[in-house]
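Peer 1: okay, here's the prediction I keep looking at, along with the sequence it came from:
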There are 2 protein chains.
Amino acid sequence: MKTTKQYGKKADKALSMWVKLARAAATFGQLTDEDIRRYGVTQAQFGALETLGHLGPLTLGELCKKQLVSGGNMTVVVDNLEKEELVERIPSTEDRRVVLVQLTKKGKRLFDEIFVQHAQCVADLASVLTEEEQDELGRLSKKLGMSLQKRL
Amino acid sequence: MKTTKQYGKKADKALSMWVKLARAAATFGQLTDEDIRRYGVTQAQFGALETLGHLGPLTLGELCKKQLVSGGNMTVVVDNLEKEELVERIPSTEDRRVVLVQLTKKGKRLFDEIFVQHAQCVADLASVLTEEEQDELGRLSKKLGMSLQKRL
DNA sequence: CTGAATTACTTCAAATTTAAACTATTTGAA
DNA sequence: TTCAAATAGTTTAAATTTGAAGTAATTCAG
């Protein structure tokens, strides 16, 4: 039984949207995670590899922002990727506080290898929506995310 | 520079949508979390209170499914809520393996009190989209989430 | 120039979360 | 009926994540 106007029309609409958005993202995330584990990396590690692979070398701080992850966590994630020799830390010469992170050759190879497969997986999951629906969901999510980003 | 057709048109579209969806959900989640903390409960605790408040007593397993959380975690979350006397465990008489969880009077009071405020917060965050956009984002998220739920 | 405030990253402790092993109970096939 | 398999929940250990404190480097107002 779905109660209406429990908190007012606007609030009900917003709550309803948020529940659905959160569930869709969580479920999609769990399924992509199952795929990611097959490559022997964690979700966080995969995210870092993805960002570095697409955007090239970034500072640790930039990586944090892209991934919406705390600094303390990113240090650990990069530590572990470095142990696997998938990324390397390059101290910045301009600003000695800054550390650049970039993919190693091995990291690039892994990135190239697994991303094609992972893209297939994501495409498969997304295919429950039509291409038009995917565009629209992307557009609305982007608008929501970009607008809220400013409030963080 | 946005590269096109990196993984094929369909995969690119799906990846693009997924990135935006994940970011929107993460950002929205961080902002609602800031609000939730003001009430002195964690996000997971709040989620359980919300579900119990809206749906009434549920078994621990049902709560796990609603919240997309592991059983071991839900045990801890309910333990902590029980320490605060916000929920109580009621052993099922029909099936002695089963434990029902329900709000206490104190829990109901808290639920009634904080949910109006939280609904306002969510409505405020969502207001960066028009009501029509919220409907559409909700509709598409629901379709995506419900379809993928089956694959878990 | 100087030093107070800011910034970038790391370290540490605590909280959260998961997955696997375990207990207790129920179900169902032989 | 009986016992193997399945189910519900708890416990445990390990991994992840966060936030706060700490270190080092930079910036900028005076």
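Peer 2: Noted; the coordinates are in hand.
Peer 1: any idea which element the residue in chain A positioned nearest to DNA strand D lies in?
Peer 2: Nearest to DNA strand D, among the residues of chain A, is A:Gly72, at 2.5 Å (Cβ to the nearest atom of the strand). Using the backbone N, CA and C atoms, a C-beta is placed for each residue, glycine as well. Here A:Gly72 sits within helix A:71-83, counting by DSSP states H and E.
Peer 1: need the residues that contact that helix.
Peer 2: Residues outside helix A:71-83 that contact it (Cβ atoms under 8 Å, 6 or more residues apart in numbering or on different chains) are A:42, A:44-45, A:48-49, A:60-61, A:63-64, A:67, A:69, A:87-89, A:101, A:107.
Peer 1: cutoff 6 Å now
Peer 2: Here helix A:71-83 makes contact (Cβ atoms under 6 Å, 6 or more residues apart in numbering or on different chains) with A:44-45, A:48, A:60, A:63-64, A:87, A:101.
Peer 1: so for the closest residue to A:Gln134 other than its chain neighbours, what's the pLDDT?
Peer 2: Leaving out its chain neighbours, the residue that sits closest to A:Gln134 by Cβ to Cβ, 6 or more residues apart in numbering or on different chains is B:Met17, at 4.6 Å. On the pLDDT scale, B:Met17 is placed at 97.
Peer 1: ok, now A:Lys10?
Peer 2: Reported pLDDT at A:Lys10 in the predicted model: 91.
Peer 1: now chain A, which segments are flagged as low pLDDT?
Peer 2: A:1-5 (pLDDT under 70).
Peer 1: contact residues of it facing DNA strand C?
Peer 2: When proximity is defined as Cβ under 7 Å from any atom of the strand, chain A approaches DNA strand C at A:59-62, A:71-72, A:74-76, A:78-79, A:89, A:95, A:97-100.
Peer 1: now the buried members of those.
Peer 2: For the residues of chain A next to DNA strand C, a neighbour count by 16 or more other Cβ atoms under 10 Å in any protein chain shown gives the buried set as A:59-60, A:62, A:74, A:78, A:99-100.
Peer 1: max pairwise distance over these: which two?
Peer 2: A:Met74 and A:Leu100 (13.1 Å; Cβ to Cβ).
Peer 1: kindly list the longest helix within chain A.
Peer 2: Across chain A, the helix with the greatest residue count (assigned by DSSP state H) is helix A:9-37.
Peer 1: ok so, going back, quick one: list the elements packing against the next helix or strand after the helix holding A:Gly72.
Peer 2: Using DSSP H and E, the helix or strand that follows helix A:71-83 towards the C-terminus is strand A:87-91. Packing partners of strand A:87-91 (3 or more Cβ pairs under 6 Å, 6 or more residues apart in numbering or on different chains; DSSP states H and E): strand A:99-103.
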